[in-house]
Structures are given as structure tokens and as C-alpha cells.
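1. Could you work out the structure for the sequence below:
(one chain, ligands or ions: 1)
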Amino acid sequence: MAAAVHQPPEHVVKGAHVDSLAKYKDMYARSLSDPEGFWGEFASQFHWNKKWSTGADFHKYNFDLNKGGISLSWFNGAETNVCYNCVDRHVKEGNGDRVAFFWEGNDVGQATTTTYKELQDMVCQIANYMKSQGVGKGDDVTIYMPMVPELPAVMLACARIGAVFSVVFAGFSAESLAGRISDSSPKMVVTCSAVKRGPKHIELKKIVDEALQILDNEEELHIPRVLVYDHKASGVSRDAIQASPVEGRDVWWQDVIGDQSTDCEVTWVGAEDPLFKLYTSGSTGKPKGVLHTTAGYMIGAAATFNYVFDYKPDDIFWCTADCGWITGHSYVTFGPLLMGAKQVLFEGVPTYPDAGRCWEVCDKYGVTLFYTAPTAIRTLMACGEQHVTKHKRTSLRILGTVGEPINPEAWRWYYEVVGNSNVSVVDTWWQTETGAHMITPLPGATPMKPGSATLPFFGVEPAILDDKGNEVEGPGQGYLVIKRPWPSMMRTVAGDHPRFEQTYFSHYKGYYFTGDGARRDEDGYYWILGRVDDVINVSGHRIGTAEVESALVGHHLCAEAAVVPVDHPIKGQAIYAFVTLMNGIEYPPDESVRKELVAQVRKAIGPIATPDVIHWAPGLPKTRSGKIMRRVLRKIASKEEDQLGDTSTLADPGVVQVLLELRGK
Ligand code: WT7
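-> Numbering: from 1, shown residues only. Just a heads-up that it's a prediction; the model follows:
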């Protein structure tokens, strides 16, 4: 049966930047045949201290490991500053009084507004303080903060002085934070006293203390300056937090920032100078620092924000993502501010105090463009329509989704119930590595099919490869790869270029390997099938199986662990761990062992990596060469043992029966 097709509603088409499929196709063709003209025209609305080189110098690359190292660059020769373009440019143009952030706190009634001028003042004060502490161009800063306006302001302050920031999601554990701090050796760590998330209080400063203590014990670190924002709205005051300031290291934000000058000269940086690192999980090893640079990232974030959300100056934008993820970088801090947008900055969670919070906030601010994740949509869907229909939602024009494949039922609920079948839904496929949207509908141009990310964005040339690495022509399915670089592409893994080449370019020579499988239909639409590597997508967050396994074997009772994804109705995928205990322990062991193992994972990574199931495994299915057969484990986890396939290569076929007997024990 052919999938249902929904045309963009007339009111969305009318006045859209791209208002027909034909226009999209023309622009797409030009973006590939004339990248310099296409991107140069879009980029000319921004401020450049020095223009880019033209012709062959504009953009260079090698995508083929057979032809040497992987490299790519855009806007060569140019100088600019992302902070200037996000903030100063708008103030200069007379828009200083325009609202940048409508901050909506965790609790109803907590709300502030920040104008572009106020943002500029705050950013300059932070930047001046950083400079006074010796932070300058090329230095690292780690940020561990909740969603308060000060968080994007710190990111922008770093960009202003050419410092390289790395935001660590404030839900990661002390050990995770320590790993990221140790990898980038920051001169400064910026954090917060505490935060309230839903009904829970979390003392962030204490977690930073623990992280630095871990590194101190390992003598791995010169001690950074720790700047602590006293977040009064969290309900835990500066005096009440349990972590006492460390002399000579910790400084309260409120004691030092307000005294700084609100003027801070911009440091002009080169197009390819680093802007930020963002750590993300892969199939092997520790998380990698995905490095993004200045000009290409800036243009990618701005262009996708402009076209994919069809942004116009009257819009009120709201992306629910946290700045700890790439979505919060590109569609809270950078894309919207680059375009001078007014946006909601939300600290809370969609179900607190009740499942109507999002729509209440939409009505309060007149949100026109709303962007969230399938897991949030499914959570709200399960809470019932009454939480939605109680609110008007008439301002909504475009609804976006990101993070994992959206199942057609959730898509339809989003479109019909939230959007009254009178919106465009943009299902945006992209990655931390891609910096910006890659495959997505354009709201005024692309007919929608529930569950499909549809067609490539400008400048993006995807392909599908079969098992042998040959391109699949026309309809078909296989590995999703990209054939040439786009401006906002990651440039390297921080400090480990070989790992960059190995992870993304060694599987199929000449292509960027996404790690996703995809199907292309008869209309050329892409349907993302999910990860094909050992990465689990839990509620839109990437967790490497290797990381969870290494956390589990860190427990003294665990001899071996194998982790696989299992489908989950709300989270998309959940973590399912097979655990072999040390010799001599009987199965099933005391219930306390399970609790300790789960706690161990939460401690090593964070609550998002909590295994849903621990399945006791006296033995694991292995090949004769000792390789764990994850395919077999996945089938057992999803109760599809009738489809185990060929198990004749198992070293000990008996282990399967033992595993089945221990299910649920
Ligand atoms: C992985 C990237 C990009 C921001 C959020 C996640 C999956 C992302 C979609 C989508 C199907 C999607 C992919 C991708 N993914 N968006 N619209 N449809 N799958 O960023 O943590 O870097 O994860 O998320 O598997 O590879 P990330």
C-alpha cells in the first residue's frame, strides 16, 4: 500500500521562502552545481571582517581515504565571528529591544525575558571575565549548566573571544563529566549551583566537584577556574548547596560578572577556526569530541533554521532540546539568534506539572514554530488528548521532530491532534556530526509522508549503498552515506584525526558513513531505519553499547557484559544488558546485585543510560573465535527466539537454552 501523502497547508505555502516542490528542486540543483554562488549569497547577509576567497579556494576537500587524508574547508580566507553575527549585528541594526529569549522556568510562573541588547551586555561581561582569567583564542571552556539564558550566553561569550566551548549535558554523571574535562583540559568550567528538573532538585556544583576530584586523584589536570552561577529559581540557594566553595578555584558568578564592562571587543577568527566540541557516543571506545568550526557551521545552522522552519521575523520559535545536545546548539543558541529570532528557552520537562505544559506555553507566547523529539510526542500521546485540546494552539504553523525515526502513529497524532491537520510537520534527519539538518521536508514545498524524513536539504547529496558498497539506484535500501561535504560538517574528532577517518570514511571509500540504514522509495523519499552500528538510540540520545558494557564490567561482580537495543514504546529503544557474573556466583543472584549493576551504569554515564533489563547470562553466545553474536542476543531480548537464524557457528549452542531459561529471573 502506498504511504499517505499530506500536502503542505495553503497558509503555510503562501509566503514561504520555498513555496513549491519545483522551486526546491531548482534551488537544490543549484546548491550542488554552484556551491560558491548558493552559499555565498546566503552568507552575504552576515558580517564578515574579511570576505572569503573565490573560485577554487572557496571550498576544498578530499573525501577519499584512497587519495590521502580526509580534509574539508569552506569559506577559506574569510574572517568573522559567530557571536557578533548572533548578537551585535542585530543591536547595530536597531533591534536591541527585540526579545531574544522568553525564558520559561521549570515551575509555572517562573519567567523572564532577555532582549538582544541585554544579551549583548551579558555576553560581553562574561567574555571580559573570561579574558581576565587568561581564557583566550583556542582555549577550552567546559560548560555544565541547565537551560537558563546564561547557558547560551556563555557559549556566545566563548565564541566572542575565540575560546572553544564544550557543553556537557547537565544530566551526565560526574564520571562522564570528568572524562570530557580530561579530554579537553579546559581553562574554565562554568556551572550552576543547582537545578530543578520536574519535581527533582539536582546539585550540579556538587557533581562538578566530584568530577574534578576524580581527575585530581588521577593527577591528570591542572585546576581550572570554576565559575558558579547561583540559580536562585532552582529553589536551592547559594548558601544551602552542600558543596562548599574550593578556595582559589571556585568563584560565584554573581560576585564577578556584574562588575565587568559591557563592552568587549570581538576577536575575529578564521573561517576554519574551531567553534566548539561536542562529545558523542560511537560504536567503540570513549565518546568522541566532534569538532565544528566557524563559518561553515554558522551558515549551515542559519540556513537550515531559515528554510526548514521557514523563519520570518514575526515568528516565535520554540525548540525543547537542551543545549547539552547538538539540537540545542544549532536550534537554540545559533540558528535562531543568527537570524534574529524571538524564542522560548525552556528549562523544564514536557510533563511537569502536567502533560499540557507545552501547549500552555505555546499559547502563552504565541509559538508559531515548535520543535521536539518523538519520545516527547509519544509520552504526551500516552497522557491523553485532553491535555492538548484544553489549550488553543492556534498560533502553530510548523511542527518539527528530531532524534530518531518517528513512528507513523506518533507522526499522525502530532499532525492531527497537536496541529489540527493544519500545519506542516518537518521530520528532520541529521546528527551531531552533520551540525545541521540533512534530510528534511521544507514546510511550504515538500508533500509529507508520515515517518519519512523526505528529501535532502540544499547541498546534501545522500546515497544508499548495498552490502558490497555499491550505490543502490532508484528505490531500495541499505547504508545511508553522503557523497560530498556540506558546510556544517564536523571537521575532525578533537585530538584524534585518525579516529575521524576510521569512524566515518574507512567503511566505504569516498563516502561519509552515517551509521544509519535507510530506504529510498519510488518518489526518492528517504525513510531512516535506525542505527546499523553498536549505538542505541534511547529517547533520541546516543548511547554506545561499549560504554554501557565497560561500566558494567567495572563492577567487581561482573565478569562480562553484552548490551543490545530492544524496542520500547516511549523511548524508541531501551538498553538490554546480558551479564555474566564472576565464577562461583549462582544464577539468579540476590536482587541487590541487579540494583548495584544498574547504579554502576548510572554512576559511570548518567540516568539516561539506565539499563531497562539485566538478563543473567552464565554464558554468552560466541563464535569459535570468541566474538559475541549480538544478532542472537537481540533476538532473545526481543522475544523473537523463533527467528534466531543460523546458530551452527556458535561455539556452544547450549548457551541459548540457558539464556531462555533465565529470562525474567
Ligand atoms: C542519530 C544522530 C540530530 C540531533 C539529535 C540526535 C537518529 C536523528 C532522526 C530522524 C530518524 C534520526 C539517527 C542519527 N536520528 N534524527 N529525524 N529520523 N533518525 O543527534 O545524538 O547525533 O544522533 O539520531 O540514527 O544517526 P545524535
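2. just for the stretch 101-250 of the chain, where's the confidence low?
-> Counting by pLDDT under 70, the stretch 101-250 of the chain has low-confidence residues at 220-221.
3. Let's see that with 90 instead.
-> Applying pLDDT under 90 to the stretch 101-250 of the chain flags the ranges 216-223, 235-245.
4. Strands along that one, start to end?
-> Taking DSSP state E, counting those that start in this stretch as the test, the strands found in the stretch 101-250 of the chain are 111-115, 140-144, 164-167, 188-192, 195-197, 200-202, 225-229, 250-252.
5. Of those strands, which is nearest the ligand?
-> Smallest distance to the ligand across the strands of the stretch 101-250 of the chain (Cβ to the nearest ligand atom): 13.3 Å, for strand 164-167. C-betas here are computed from N, CA, C, even on glycine.
6. confidence score at Asp646?
-> Per-residue pLDDT puts Asp646 at 83.
7. Ok, the one 10 residues further on next?
-> The confidence metric pLDDT takes the value 94 at Val656.
8. now swap in the one 5 residues further on and tell me
-> Listed pLDDT for Glu661 reads 96.
9. quick one on the thing from earlier: quick one, which of the strands of the stretch 101-250 of the chain is nearest to Ala127?
-> strand 140-144 (10.8 Å; Cβ to Cβ).
10. quick one, what contacts Ser488?
-> 292, 296-297, 299-301, 304, 330, 434-436 (Cβ atoms under 8 Å, 6 or more residues apart in numbering).
11. Contacting the ligand as well, which ones from the residues you listed?
-> Taking Cβ under 6 Å from any ligand atom as the test, the ligand is in contact with none of those.
12. From the ligand, how far off is the spatially most distant residue from the centre of the chain?
-> In the chain, the residue that sits farthest from the middle, by Cα atoms, centre = their mean, is Gly584; the gap is 42.9 Å. Here the criterion is Cβ to the nearest ligand atom, to the nearest Å. By it, Gly584 lies 40 Å from the ligand.
13. Scan the protein for its longest helix.
-> helix 116-132 (DSSP state H).
14. Give me the contact list for it.
-> Contacts for helix 116-132 (Cβ under 8 Å, 6+ apart): 83, 87-88, 90-91, 95-101, 114, 141, 149-150, 153-154, 156-158, 160-161, 163, 188, 227, 256-258, 260-264, 337, 340.
15. So which of those residues belong to helices?
-> The members of those that map onto helices under DSSP H are 83, 90, 150, 153-154, 156-158, 160-161, 256, 337.
16. Contacting the ligand as well, which ones from those?
-> Applying Cβ under 6 Å from any ligand atom, the subset of the ones in helices among the contacts of helix 116-132 adjacent to the ligand is empty.
17. Quick check: the residue of the stretch 101-250 of the chain nearest the ligand.
-> Closest point on the stretch 101-250 of the chain to the ligand, by Cβ to the nearest ligand atom, is Phe169, at 10.6 Å.
18. Tell me who's in contact with that residue.
-> By Cβ under 8 Å, 6+ apart, the contact list for Phe169 reads 322, 324-325, 606.
19. re the thing from before, let me have the ones in helices among the contacts of helix 116-132 in CSV, adding neighbour count as columns.
-> Listed next are the ones in helices among the contacts of helix 116-132 as CSV, based on neighbours: other Cβ atoms under 10 Å:
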residue, neighbour count
Cys83, 30
His90, 23
Glu150, 23
Ala153, 30
Val154, 30
Leu156, 26
Ala157, 28
Cys158, 29
Arg160, 28
Ile161, 24
Val256, 16
Leu337, 27
